[in-house]
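Asks: sharing a model that was predicted from the sequence below.
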Amino acid sequence: MAAIRITFSIFTFQKTAYMKVHFIAIGGSAMHNLAIALHEKGYEVTGSDDEIFEPSKSRLAKHGLLPGTTGWDPERITTNLDAVILGMHARNDNPELIRAQELGIKVFSYPEYLYEQTKNKTRVVIGGSHGKTTITSMIMHILHYHHIDFDYMVGAQVEGFDTMVRLSESAKIAVFEGDEYLTSPIDPRPKFHLYRPHIGLLSGIAWDHINVFPTFDMYVDQFRIFAGLIEPHGSLVYFDGDAELVKIGDAMKEKLQVFPYNALPSVVENGITYLLSGNKKVKLSVFGEHNLQNINGARIVCQQLGISDEMFAEAIPGFKGAARRLEILAANNDTTVYYDFAHSPSKLRATIKAVRAQFPNRRLIACMELHTFSSLKKEFLPQYAGTMDDANLAFVYFNPHTVEHKKLEPITTEQVKDGFALDRLTVTTDSDQLFETLSSEDLKGTNLLLMSSGNFSGKDLREFAEALTKTE
């Protein structure tokens, strides 16, 4: 496959542009990382929020960026500011936002600001309903391993990187995870529509965010639009096992270079996955069919950035995964307890399938929490049918207070069980009882998989896992 010829323009960043920046809702995961990145770049950064949780609170405090008081104060907004960055957590009637608009201060969402900072760089954007954090992290790992300078934004903590955002004067490449959720309270565009990449990757389309995209067709349209926003003569890399992505790829062939991909050949030996390349076997630290697909997508993107397959193969064994993606919480000789961010149907199915395939001789207990807006919506529950079938024991937990907090119609344990269409599934609304049940299981020769975008209503999952696997 021919690599894109990337010509890096030589430019001088105007240091007077947006150097004094105020963050509205600075405590968000992406927002506080962007605030730290700009602070480290030499910008004067202030911020506000009505509540800030860990780890954002400690990380902001470490850099001297933690607001002295909580809440919103329009007096913080003055004409001395060059820009305001508006977080998704804020509302469109936020008094600081209104004040900034009255004063005519430029208001950015964080994806708008990332684009503003990387206009003159080669932008790589990784999108898709699943796998985008992992693929972005893989590319970051490969570039870092080969000492290639780059900026980035990723949705999880990655080993070897202190922050989830980096913006610099020196880097000529920017690698962004592209989220399809809304940009800001005053901008309904999906975030990944704002980056205008030179190289875009789409890992798959599985209906999500039904509060924003009430039909599957509306959801698919966002990815079609994303492909159309790739810079002319750029590159679209896509998973060819997804029928919708194949249609999008075919439609883009006249405008872009298109690179379909699928899983790389591999073999599992004694619980370890090896990539097969001719007569060579490349040992991996990650596993699962979905990760073999992710690796190939990352490899093709890296080709476009001038990294040979030999360079890629040298670096990929050291990739241990992004935080909360099949992360080992604790293990002994008989049991491994994993935590995974899986919450949507496609992620849930892929994660369970991966652990089952990697350890065919071990029993698998799968436990997931319904926590997101889509997952707790009665109409969406049938999308989970069959997703936990590969587990020997399966549990689903949800908190009725979370349903109420999201202002959704109440759901019942019976509705959840019907949605998953699995007779042996246990559904509960009592997390204490659930964890007592898990603790009473004989885990010899068993793997336990805990899956949630939350924490099962305040459970210390690592402490729980360590107690389960502790040996005398």
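Replies: Cool, got the structure. Numbering: from 1, shown residues only.

Asks: for the helix or strand hosting Val84, packing partners?
Replies: Using DSSP states H and E, Val84 maps to strand 83-86. Counting contacts by 3 or more C-beta pairs under 8 Å, 6 or more residues apart in numbering; DSSP states H and E, strand 83-86 is packed against strand 20-24, helix 29-40, helix 95-103, strand 107-109, helix 110-117. For every residue, glycine as well, the C-beta is placed using N, CA and C.

Asks: can I get these in CSV including mean neighbour count, distance to Val282 and mean pLDDT?
Replies: Formatted as CSV, those follow (neighbours: other C-beta atoms under 10 Å; distance: least, C-beta to C-beta, whole Å; pLDDT from 0 to 100):
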stretch, mean neighbour count, distance to Val282, mean pLDDT
strand 20-24, 23, 42, 97
helix 29-40, 22, 32, 94
helix 95-103, 17, 50, 98
strand 107-109, 20, 40, 96
helix 110-117, 22, 33, 94
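
Asks: turn the ones you listed into CSV, columns for distance to Pro400.
Replies: Listed next are the helices and strands packed on strand 83-86 as CSV, based on distance: least, C-beta to C-beta, whole Å:
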stretch, distance to Pro400
strand 20-24, 32
helix 29-40, 26
helix 95-103, 33
strand 107-109, 33
helix 110-117, 33
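
Asks: and Arg189, that's in a helix?
Replies: No: per DSSP: H, G, I helix; E, B strand; the rest coil, Arg189 lies outside any helix segment and is strand.

Asks: just the pLDDT at it, thanks.
Replies: Looking at Arg189, its pLDDT reads 94.

Asks: now it: closest residue in space, sequence neighbours ignored.
Replies: Leaving out its chain neighbours, the residue that sits closest to Arg189 by C-beta to C-beta, 6 or more residues apart in numbering is Thr183, at 5.0 Å.

Asks: what about the helices in this protein?
Replies: 29-40, 56-62, 95-103, 110-117, 132-145, 216-228, 243-251, 289-304, 309-315, 345-358, 400-405, 413-420, 431-440, 461-469 (DSSP state H).

Asks: can you redo the ones you listed as JSON lines with distance to Gly178?
Replies: Output for the helices of the chain, formatted as JSON lines (distance: least, C-beta to C-beta, whole Å):
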{"stretch": "helix 29-40", "distance to Gly178": "12"}
{"stretch": "helix 56-62", "distance to Gly178": "22"}
{"stretch": "helix 95-103", "distance to Gly178": "25"}
{"stretch": "helix 110-117", "distance to Gly178": "9"}
{"stretch": "helix 132-145", "distance to Gly178": "7"}
{"stretch": "helix 216-228", "distance to Gly178": "7"}
{"stretch": "helix 243-251", "distance to Gly178": "14"}
{"stretch": "helix 289-304", "distance to Gly178": "12"}
{"stretch": "helix 309-315", "distance to Gly178": "21"}
{"stretch": "helix 345-358", "distance to Gly178": "17"}
{"stretch": "helix 400-405", "distance to Gly178": "27"}
{"stretch": "helix 413-420", "distance to Gly178": "29"}
{"stretch": "helix 431-440", "distance to Gly178": "33"}
{"stretch": "helix 461-469", "distance to Gly178": "28"}
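
Asks: which one's the longest strand in this structure?
Replies: The longest strand of the chain (DSSP state E) is strand 363-370.

Asks: what lines up beside it in the sheet?
Replies: As defined by DSSP bridges, the strand partners of strand 363-370 come to strand 393-398 (parallel), strand 446-451 (parallel).

Asks: next, count neighbours for the residue found closest to Val337 once you drop the neighbours it is linked to in the chain.
Replies: Excluding its sequence neighbours, the residue lying closest to Val337 (C-beta to C-beta, 6+ apart) is Ala465, at 3.7 Å. Neighbour count for Ala465, taken as other C-beta atoms under 10 Å: 21.

Asks: what's the per-residue pLDDT of Ala465 here?
Replies: At Ala465, the pLDDT recorded in the model is 96.

Asks: before we move on, what about the one 5 residues further on?
Replies: Reported pLDDT at Lys470 in the predicted model: 91.

Asks: quick one, phi/psi of it?
Replies: phi -70, psi 130 (degrees, to the nearest 10).

Asks: pairing partners for the strand holding Val84, with directions?
Replies: According to DSSP bridges, strand 83-86 forms sheet pairs with strand 20-24 (parallel), strand 107-109 (parallel).

Asks: among those, which comes closest to Glu51?
Replies: Closest approach to Glu51 among the strands paired with strand 83-86 (C-beta to C-beta): strand 20-24, 13.4 Å.

Asks: pop the domain breakdown of this protein in here.
Replies: Using automatic domain parsing, the domain parsing of the chain gives 20-109, 118-318, 327-469.

Asks: before we move on, the earlier item: for Leu329, which of the helices and strands packed on strand 83-86 is the nearest?
Replies: Leu329 lies closest to helix 29-40 among these, at 20.5 Å (C-beta to C-beta).

Asks: before we move on, the earlier item: quick one: the strand holding Val84 to chain centroid distance?
Replies: 23 Å (C-alpha atoms, centre = their mean, to the nearest Å).

Asks: for Glu369, what are its contacts?
Replies: Going by C-beta atoms under 8 Å, 6 or more residues apart in numbering, Glu369 touches 343, 396-398, 451-454, 456.

Asks: what pLDDT does the model give the spatially closest residue to Pro410 that is not a sequence neighbour?
Replies: Counting by C-beta to C-beta, 6+ apart, Val403 is the residue found nearest to Pro410 once chain neighbours are left out, at 6.0 Å. According to the prediction, Val403 has pLDDT 92.

Asks: please list all residues in contact with Val403.
Replies: By C-beta under 8 Å, 6+ apart, the contact set of Val403 is 376, 409-411.

Asks: tell me the spacing between it and Asp49.
Replies: Distance check for Val403 against Asp49: by C-beta to C-beta, to the nearest Å, it reads 25 Å.

Asks: how about Val165?
Replies: 17 Å.

Asks: what of Asn333?
Replies: Taking C-beta to C-beta, one finds Asn333 at 45 Å from Asp49.

Asks: which one of the two is surrounded by more residues?
Replies: Neighbour totals were compared for Asn333 and Asp49, and Asp49 leads with 25 against 9 (other C-beta under 10 Å).

Asks: for the more buried one, which non-adjacent residue is closest in space?
Replies: Nearest non-adjacent residue to Asp49, counting by C-beta to C-beta, 6+ apart: Gly27, 4.1 Å away.
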